[in-house]
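Visitor: give me the fold of what follows.
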Amino acid sequence: MDGSLEARIVELEERLAAKPDAVKKKPGRVVDEVLDALDTGALRVCEPDGEDWVVHEWVKRAILLSFARYDNARIVEEAFAGTPGSLDALKLRYRLPSYYDKLPTKRNWKKLGARCVPGGIARFGSYLGKGAILMPGFVNIGAYVDDGTMVDTWATVGSCAQIGKGVHLSGGVGIGGVLEPPQATPVIVEDGAFLGSRCIVVESVRIGREAVLGAGVVLTASTPIVDVRGSEPVVSKGSIPARAVVIPGSLPKRFPAGEFGTPCALIIGERSDSTDRKTSLNAVLRDYGVAL
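Guide: Sure thing, here's the model as predicted:
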């Protein structure tokens, strides 16, 4: 972690408190350096520290400052250069996509060794590691997507979310962003986890290493997580343990109009330590009948 960058961000905040337009002047260039470092993975909003995770509040505050530093502008995709008759030359005949935003889209795919399929969009200041794949989906600023992870079609990774190595975010998965308050822990999905289609994980929820979420699981900070593997249910909130197998469920709750089911998540099993991820996922389908 770059202590000099942190000190300069704190100094900028003090100047801004005294003079609100200070962020758009020369000292505000430290904000650019923070976003550059986030974009290359040299800096993270949140990172593991043993079994815990540490949030770097000042990095979040730098991201918030960037929204004051930059004005909205038309962002045009890079033009293609090619020889006459080539595919690149053909692309020049059509208007390229453009956006109207404060930040450009990510560009350093080749250098990072990640892949972006047409229709995939990641904002500058997000990071995707070596071998990561972004299908037609979206990754927001401050997010960190580690090596070998798949962000499948129409999946979204919110601001500052931390996605581990070898994770699979299936089609339509929604990972929430947690930019404010700066001290809040973002959504964390640890190495090797598999999130089935249309799962939603928001509000600082943490998904443990190699956990499996069946299709349609919704997890918020207040969602009851019920472990039904023992003789009695055990209820928790906010965190899925490592290797847990989870499906959507419901709990009865009485309202003035009667008793109705309210959403919960059920931990019904766990991956076997003796199997690799692929074999284990097949076992999940066979043993628990989980839709992925």
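Visitor: which secondary element of the chain has the worst mean pLDDT?
Guide: Scoring the helices and strands of the chain by mean pLDDT, DSSP states H and E places helix 87-91 at the bottom, with a mean of 54.
Visitor: which SSE is immediately downstream of that one?
Guide: As assigned by DSSP states H and E, the chain's next helix or strand after helix 87-91 is strand 98-101.
Visitor: what packs against that next one?
Guide: strand 73-76 (3 or more CB pairs under 8 Å, 6 or more residues apart in numbering; DSSP states H and E). In this view, the C-beta of every residue, glycine as well, is placed from N, C-alpha and C.
Visitor: avg pLDDT for the strand it packs on?
Guide: Per-residue pLDDT over strand 73-76 has a mean of 82.
Visitor: over to stretch 203-219?
Guide: Average pLDDT, stretch 203-219: 97.
Visitor: just stretch 138-154 next, same as before
Guide: Here the average pLDDT along stretch 138-154 is 98.
Visitor: stretch 103-115 now?
Guide: On average, stretch 103-115 scores 95.
Visitor: mind checking how far that stretch is from the chain centre?
Guide: On the basis of CA atoms, centre = their mean, to the nearest Å, stretch 103-115 sits 16 Å off its chain's mean C-alpha point.
Visitor: list the buried ones in it?
Guide: Of all the residues in stretch 103-115, those buried under the rule 16 or more other CB atoms under 10 Å are 103-106, 112, 114.
Visitor: which element is residue 235 on?
Guide: Residue 235 belongs to strand 234-236, assigned by DSSP H and E.
Visitor: name the next helix or strand following that strand along the chain.
Guide: According to DSSP H and E, the helix or strand after strand 234-236 is strand 239-240.
Visitor: next helix or strand past that following strand?
Guide: strand 244-255.
Visitor: contacts for that following strand next, please.
Guide: With contact meaning CB atoms under 8 Å, 6 or more residues apart in numbering, strand 244-255 is reached by 208, 211-214, 216-218, 224-227, 240, 259-271, 284, 288, 290.
Visitor: restricted to buried residues, select the residues you listed in ChimeraX.
Guide: Selection of buried members from the contacts of strand 244-255 for ChimeraX, criterion 16+ other CB under 10 Å:
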select :208,211,212,213,214,217,218,224,225,226,227,240,264,265,266,267,268,269,270,271,284,290
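Visitor: show me where the stretch 51-200 of the chain has its helices.
Guide: 57-69, 87-91, 109-112 (DSSP state H, counting those that start in this stretch).
Visitor: can you put these in TSV and add distance to residue 19?
Guide: Converted to TSV, the helices of the stretch 51-200 of the chain look like this (distance: least, CB to CB, whole Å):
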stretch	distance to residue 19
helix 57-69	13
helix 87-91	46
helix 109-112	37
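Visitor: quick one, which of those is packed in tightest?
Guide: helix 57-69 (a mean of 20; mean count of other CB atoms under 10 Å).
Visitor: longest helix of the protein?
Guide: helix 3-18 (DSSP state H).
Visitor: tell me what it is packed against?
Guide: Partner elements for helix 3-18 (3+ CB pairs under 8 Å, 6+ apart): helix 29-40, helix 57-69.
Visitor: of those, give the one that comes closest to residue 11.
Guide: helix 29-40 (8.2 Å; CB to CB).
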